[in-house]
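# Please find the sequence and the predicted model below.
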Amino acid sequence: MPNQKIPATVITGFLGAGKTTLIRNLLENAGGRKIALIINEFGDLGVDGDILKGCGIETCSEDDVVELTNGCICCTVADDFIPTMTKLLERDALPDHIVIETSGLALPQPLVAAFNWPEVKTRMTVDGVVTVIDAAAVAAGRFADDEEKVAAQRLADESLDHENPLEELFEDQIRAADLIVLNKADLIDRDTLERVRQETSKASARPVKTIAAENGKLPADVLLGIAAGTEDLIASRKSHHEMEHEDGDHDHDHDEFESFVATAGPVQQTESFLAGLRELIASHDVLRLKGFAAVPGKPMRLVVQAVGQRIETYYDRPWRPEETRETRLVVIGLHDGLDAETRDAIADQIAALASGEAAATAAE
């Protein structure tokens with residue numbers, strides 16, 4: 001209907017939580033809905049957008065996938081996001097639903113608040129904010145602080161009365177949520193999942209519906225049609241940054257994270273390449289690794305997605321004639337751990353792993 005607002009779902013979550021996989025499954029089971037995607041990639045390689053463009057879903061063509069790669073979407077609302085939404089509204093064939101995947105570093109609050117801008121508010125509404133959590137990672141304490149240890153440290157030394165930036169980001173994404181998805185629930189047992197559910201609920205000041213998922217598989221009707229109108233509610237879901245700077249205008253930054261692209265030739269031995277990546281991730285404390293690899297004799301690209309020691313791979317689509325068959329991986333880590341020397345070392349190691357030189361050296 002011409003006067004009906006177009007619903008938009010904001011999908012947020014920490015690095016490697018499974019947002020892209022969840023969206024891919026959503027597109028494959030959209031029930032005929034025509035969906036437009038806005039992808040906010042962190043890093044120099046548009047991995048997430050390229051994965052989704054390659055999924056071949058009729059109701060979501062390549063023209064319906066828009067990538068914003070100029071930085072964190074919550075920092076570029078005026079420059080990137082609002083113009084993008086305006087262009088969507090100018091199309092002859094409007095989408096039935098818009099899905100926005102934020103980078104793992106984005107604060108949902110300023111993005112949702114942007115739906116109150118005059119250019120957008122009369123035509124669009126936030127159907128809901130879906131926060132995706134890697135339940136197995138949280139259970140292992142990889143992306144969440146140990147509350148008991150923090151409490152003990154605070155009792156011992158008042159100078160430690162501050163929040164870990166990763167913990168703040170985790171909490172901010174939960175505070176903004178209308179629905180929380182505990183993804184990768186199949187990797188932990190029922191009792192551990194319940195513990196993660198309870199820990200997650202503590203980060204929110206209000207009850208939020210929480211649902212478990214395996215490999216991002218949820219019915220479209222669970223993710224879409226929440227009808228929360230979150231743009232009218234977001235002012236009460238303040239982020240740490242907003243609470244700390246309510247009396248002034250301060251820019252937040254993400255200097256604690258860094259990323260770069262490592263390029264290599266085709267992967268000669270897939271199993272040894274992946275085993276070598278696990279060692280590299282552990283030795284350099286890499287938070288996230290994602291991208292594509294070319295494998296000789298295989299006509300399709302190998303997608304590589306890694307969080308910690310867990311690496312997922314699958315072939316997504318054939319290489320196009322104009323594409324260079326090579327390996328390109330985005331490496332994301334903490335700022336202090338990715339100086340120029342470390343970047344060069346990681347890039348050299350990935351190149352050696354792809355060529356098989358690293359495996360040959362180890363065998364000698």
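Sure thing, it's come through. Residues are numbered from 1 along each chain as shown.
# Does the residue positioned nearest the centre of the chain belong to a helix, a strand or coil?
The residue lying closest to the centre of the chain (C-alpha atoms, centre = their mean) is residue 104, at 4.2 Å. Three-state call for residue 104 (DSSP: H, G, I helix; E, B strand; the rest coil): coil.
# so where do the strands sit in the stretch 51-200 of the chain?
65-68, 97-101, 124-134, 179-183 (DSSP state E, counting those that start in this stretch).
# Of those strands, which is nearest residue 356?
Comparison of the strands of the stretch 51-200 of the chain against residue 356 by C-beta to C-beta identifies strand 124-134 as nearest, at 31.4 Å. From N, CA and C alone the C-beta is placed, and that goes for glycine too.
# Can you tell me the strand partners of the closest one and which way each runs?
The sheet places strand 124-134 alongside strand 6-13 (parallel), strand 179-183 (parallel), with pairing taken from DSSP bridges.
# Residue 6: which of the strands of the stretch 51-200 of the chain is closest?
strand 124-134 (5.0 Å).
# Do you have the helices of the stretch 1-150 of the chain handy? List them.
19-28, 47-53, 82-89, 108-113, 118-121, 135-139, 147-156 (DSSP state H, counting those that start in this stretch).
# and the nearest residue to residue 284 once chain neighbours are set aside, how many residues sit next to it?
Spatially, and ignoring its direct neighbours in sequence, residue 284 is nearest to residue 346 (5.9 Å; C-beta to C-beta, 6 or more residues apart in numbering). Close neighbours of residue 346, defined as other C-beta atoms under 10 Å, add up to 22.
# Assumed residue 346 was part of a strand.
No - assessed with three-state DSSP, residue 346 is helix; it does not lie in a strand.
# residue contacts, it?
262, 280, 284, 286, 331, 338 (C-beta atoms under 8 Å, 6 or more residues apart in numbering).
# Buried ones among the residues you listed?
262, 280, 284, 286, 331, 338 (16 or more other C-beta atoms under 10 Å).
# how about JSON lines for these, with pLDDT added?
Supplementary listing: the buried ones among the contacts of residue 346 in JSON lines, determined by pLDDT from 0 to 100:
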{"residue": "262", "pLDDT": "92"}
{"residue": "280", "pLDDT": "94"}
{"residue": "284", "pLDDT": "89"}
{"residue": "286", "pLDDT": "84"}
{"residue": "331", "pLDDT": "86"}
{"residue": "338", "pLDDT": "81"}
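# Show me which pair in the residues you listed is furthest apart.
280 and 338 (12.6 Å).
# Any stretches of this structure with poor pLDDT?
1-3, 15, 41-81, 105, 143-166, 241-242, 244-257, 308, 335, 358-364 (pLDDT under 70).
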